[in-house]
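Asker: this one's sequence-less:
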């Protein structure tokens with residue numbers, strides 16, 4: 001069934017898709033947003049680890065391979081709001097050194113833009129959706145910018161107890177920049193610090209798409225169509241323009257949504273999967289893939305978590321899932337001797353008994369009475385800090401189409417990911433420093449949260465660059481090959497940095513959407 005043609009169809013209702021929808025709808029364009037899952041409302045979001053699993057993908061349609069397979073469930077989202085429905089809302093920025101690694105270290109790629117190109121959009125996003133923090137304090141590491149619209153969030157003992165330890169090893173900490181309301185903002189209430197942010201915020205204090213850009217888009221007339229599984233991007237006979245998308249509705253009936261412009265804003269792995277599955281005789285390797293770079297240079301972050309028990313009640317259940325304190329003190333690419341890549345440090349996340357970061361699984365070696373005794377100590381004195389590490393882009397980390405197909409006849413995606421030798425060196429360096437911090441902070445017990453090196457925050461696959469010889473899109477997310485096809489989200493990052501990506505996703509999406517609105521007649525034709 002063919003639906004009435006619209007100006008733009010956006011695939012994905014998360015951070016990037018919602019931003020494009022808001023900008024283009026407010027520019028007077030007819031916008032349809034397609035999302036594969038349900039249309040969540042704030043009233044649906046329940047502060048429960050069990051319920052919270054509903055807003056995260058269950059697994060397929062991806063096969064996970066390589067020495068360090070990509071984790072999936074916590075990195076994606078299911079339903080309207082996407083992963084930004086349940087994210088931690090840590091809002092650090094990329095820093096100037098992230099944009100010029102090739103120039104400064106002869107490693108990886110330079111971005112085709114600089115920090116100065118993105119900085120105004122960081123400031124604008126903060127005003128649009130609400131960010132709490134202390135911008136002036138961050139200027140010990142980054143260029144000056146606008147103040148955040150809200151003061152920093154409250155702090156609690158589970159964060160404050162670490163400050164002495166950080167100071168002793170020469171790491172300066174500042175209030176964490178977070179996409180949460182420390183005060184009422186734009187009619188949305190202030191945070192109540194119950195620490196359940198990772199399952200969604202039912203009061204709207206967390207800057208998720210439902211109450212920020214997606215809400216703005218809907219007010220401006222954009223249609224959000226849930227239960228819509230997009231399988232192909234369609235092109236004209238000449239292969240010079242996209243004409244819309246094919247998708248299957250809740251009844252599993254095939255639909256076609258025509259559009260003058262298509263924006264792919266799904267998960268970073270799903271966008272390449274769609275491009276590869278949209279091959280035609282004019283694009284035999286998939287759309288925007290003449291150079292063979294679609295699906296290449298997939299990147300993740302990894303975390304070195306230091307866990308400790310203090311001999312006092314640190315009230316570890318209080319606060320937010322986002323950090324209370326953050327630091328770029330180890331953000332230089334060679335900050336750790338013998339290891340390459342940035343590290344971004346956080347402290348003071350609220351902890352529950354179970355689920356992600358909870359203390360029930362903090363000591364997997366304990367059973368029976370020993371585990372029970374540990375849980376009693378942990379309920380009172382357990383806290384943790386973390387250092388996110390940067391992975392360099394590697395063309396072998398990629399997404400391919402598999403032979404098996406999903407229920408709509410679309411090939412599954414195969415994500416192949418392995419860390420290079422730099423990663424374990426940086427991982428170990430951050431562990432060693434974390435233990436030094438814990439000791440100096442006066443922890444009674446301390447240990448490293450080891451296991452397999454984690455994979456966090458999937459990026460890359462449709463990277464930006466200066467031209468078709470080295471990338472899939474330009475700095476605005478516009479594909480080099482097809483002018484009216486845009487990519488959005490962390491897939492367009494040239495490198496990963498070490499800081500949480502969502503603030504940069506919002507900023508780059510706002511930049512791309514505003515450029516598209518300005519150049520509409522040229523792009524849409």
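Answerer: Alright, I've got the coordinates. Keep in mind it's a predicted model, so treat the numbers as computed, not measured. Residues are numbered from 1 along each chain as shown.

Asker: Report pLDDT for residue 8.
Answerer: pLDDT, the model's per-residue confidence, is 98 for residue 8.

Asker: Specify the beta-bridge partners of it.
Answerer: residue 31, residue 261 (DSSP bridges).

Asker: and it, what is it in contact with?
Answerer: 20, 24, 29-32, 259-263 (Cβ atoms under 8 Å, 6 or more residues apart in numbering). C-beta: built from backbone N, CA, C; applies to glycine.

Asker: which one in this protein is furthest away from the centre?
Answerer: Seen from the C-alpha centroid of the chain, the residue lying at the greatest distance (Cα atoms, centre = their mean) is residue 369, 39.3 Å away.

Asker: That one: what secondary structure?
Answerer: Here residue 369 takes the helix state, with states given by DSSP: H, G, I helix; E, B strand; the rest coil.

Asker: Check residue 379 too.
Answerer: Applying three-state DSSP: residue 379 is helix.

Asker: Can you tell me which of the contacts of residue 8 is closest to residue 155?
Answerer: residue 20 (35.1 Å; Cβ to Cβ).

Asker: what about the closest one, distance to residue 209?
Answerer: According to Cβ to Cβ, to the nearest Å, residue 20 and residue 209 sit 11 Å apart.

Asker: if we can go back for a sec, just the buried subset of the contacts of residue 8, please.
Answerer: By neighbour count, with 16 or more other Cβ atoms under 10 Å, these hold 20, 24, 29-32, 259-263 as buried.

Asker: quick check, nearest of those residues to residue 269?
Answerer: When the buried ones among the contacts of residue 8 are compared against residue 269 (criterion: Cβ to Cβ), the nearest one is residue 263, at 17.0 Å.

Asker: a markdown table for the contacts of residue 8, including distance to residue 96?
Answerer: Shown next, in a markdown table, are these (distance: Cβ to Cβ, whole Å):
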| residue | distance to residue 96 |
| --- | --- |
| 20 | 26 |
| 24 | 30 |
| 29 | 34 |
| 30 | 39 |
| 31 | 34 |
| 32 | 38 |
| 259 | 37 |
| 260 | 36 |
| 261 | 32 |
| 262 | 33 |
| 263 | 28 |
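
Asker: can you list the residues you listed in JSON lines and add distance to residue 482 and pLDDT?
Answerer: Output for the contacts of residue 8, formatted as JSON lines (distance: Cβ to Cβ, whole Å; pLDDT from 0 to 100):
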{"residue": "20", "distance to residue 482": "17", "pLDDT": "98"}
{"residue": "24", "distance to residue 482": "18", "pLDDT": "98"}
{"residue": "29", "distance to residue 482": "19", "pLDDT": "98"}
{"residue": "30", "distance to residue 482": "21", "pLDDT": "98"}
{"residue": "31", "distance to residue 482": "19", "pLDDT": "98"}
{"residue": "32", "distance to residue 482": "19", "pLDDT": "98"}
{"residue": "259", "distance to residue 482": "13", "pLDDT": "98"}
{"residue": "260", "distance to residue 482": "13", "pLDDT": "98"}
{"residue": "261", "distance to residue 482": "10", "pLDDT": "98"}
{"residue": "262", "distance to residue 482": "9", "pLDDT": "98"}
{"residue": "263", "distance to residue 482": "12", "pLDDT": "99"}
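
Asker: picking up where we left off before, of the buried ones among the contacts of residue 8, just say which sits nearest to residue 505.
Answerer: Closest to residue 505, out of all of those and judged by Cβ to Cβ, is residue 20, at 11.3 Å.

Asker: What's the separation between the residue nearest to that closest one when sequence neighbours are not counted and residue 431?
Answerer: Leaving aside its chain neighbours, residue 20 sits nearest to residue 513 (4.5 Å; criterion: Cβ to Cβ, 6 or more residues apart in numbering). Distance, residue 513 to residue 431, using Cβ to Cβ: 40 Å.

Asker: Neighbour count for the two, which is higher?
Answerer: Neighbour totals were compared for residue 513 and residue 431, and residue 513 leads with 27 against 18 (other Cβ atoms under 10 Å).

Asker: In terms of helices and strands, where is that one?
Answerer: Applying DSSP states H and E as the criterion places residue 513 in helix 502-518.

Asker: what separates that helix from the chain centre, distance-wise?
Answerer: How far helix 502-518 lies from its chain's middle: 15 Å, per Cα atoms, centre = their mean, to the nearest Å.

Asker: which one's the longest helix in this protein?
Answerer: helix 422-441 (DSSP state H).

Asker: which outside residues touch it?
Answerer: Contact partners of helix 422-441, identified using Cβ under 8 Å, 6+ apart, comprise 68, 161-166, 168-169, 171, 302, 304-306, 308, 310, 330, 336-341, 343, 385, 387, 389-392, 446-448, 450, 453.

Asker: make it 7 Å
Answerer: Helix 422-441 has contacts (Cβ atoms under 7 Å, 6 or more residues apart in numbering) with 161-162, 164-166, 168-169, 302, 304, 306, 308, 336, 338-341, 343, 385, 387, 389, 391-392, 446, 448, 453.

Asker: Residue 387 belongs to a strand?
Answerer: Yes. Residue state for residue 387 (three-state DSSP) corresponds to a strand.

Asker: From residue 169, how far off is the residue nearest to it when sequence neighbours are not counted?
Answerer: Leaving aside its sequence neighbours, residue 387 sits nearest to residue 430 (Cβ to Cβ, 6+ apart; 3.8 Å). Residue 430 sits at a distance of 12 Å from residue 169 (criterion: Cβ to Cβ).
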